[in-house]
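S.K.: Requesting a structural model of the entry that follows:
(one chain, ligands or ions: 1)
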Amino acid sequence: MTHKVVKIITDDYGEQKKNKNVWHLSILSCGDPCTLCEGEFYGMGQSNCTYKEKIVKSNGVTCIECLKHIDYFKRLNVNLHNPVKRSKK
Ligand SMILES: [Zn+2]
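M.R.: Below you'll find the predicted structure:
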């Protein structure tokens, strides 16, 4: 499965980000793109930050905090294909 990764280079005020060289996992929150680790929105109409994004097949995320989140999700014991049905009262 491909996924989108993003580097946030400068913040809204034009200041260089300390972690500008790391690739975050880009996710959608309320339909808008943001980083997984900090929920930092980027892109048109969201932020004046500068960024670079790309689509990768695997191993594109280099942000330690994003990787921690991904590892946590992988360890969750959920069954996406057979969700528990709730009984109606
Ligand atoms: Zn991150």
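S.K.: Compute the distance between residue 17 and the ion, please.
M.R.: 11 Å (C-beta to the ion, to the nearest Å). Quick note: C-beta positions are derived from backbone N, CA and C, even for glycine.
S.K.: What pLDDT is listed against that residue?
M.R.: Confidence at residue 17, expressed as pLDDT, is 93.
S.K.: What strand or helix carries the nearest residue to it once chain neighbours are set aside?
M.R.: Spatial nearest neighbour of residue 17, chain neighbours left out: residue 8 (5.3 Å); criterion: C-beta to C-beta, 6 or more residues apart in numbering. Using DSSP states H and E, the element containing residue 8 is strand 3-10.
S.K.: can you list contacts of that strand?
M.R.: 16-17, 19-26, 33, 35, 40, 42, 49-56, 60-61 (C-beta atoms under 8 Å, 6 or more residues apart in numbering).
S.K.: What of stretch 39-46?
M.R.: With contact meaning C-beta under 8 Å, 6+ apart, stretch 39-46 is reached by 6, 8, 29, 32-35, 47, 49, 51.
S.K.: Show me those residues that map onto strands.
M.R.: 6, 8, 29, 32-35, 51 (DSSP state E).
S.K.: For PyMOL, write the select line for the buried members of the residues you listed.
M.R.: Typed into PyMOL, the line below selects the buried ones among those, using 16 or more other C-beta atoms under 10 Å:
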select buried, resi 6+8+33+34+35+51
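S.K.: Contacts only, for residue 50.
M.R.: 8-10.
S.K.: what do you get if the cut-off is 6 Å, keeping everything else the same?
M.R.: 9-10 (C-beta atoms under 6 Å, 6 or more residues apart in numbering).
S.K.: Against residue 12, how distant is it?
M.R.: Plainly put, residue 50 is 10 Å away from residue 12 if you go by C-beta to C-beta, to the nearest Å.
S.K.: Return the set of residues that bridge with residue 41.
M.R.: With DSSP bridges as the criterion, residue 41 is bridged to residue 34.
S.K.: Run a quick neighbour tally on it.
M.R.: Residue 41: 17 surrounding residues under other C-beta atoms under 10 Å.
S.K.: Before I go, just wanted to say thanks for your time.
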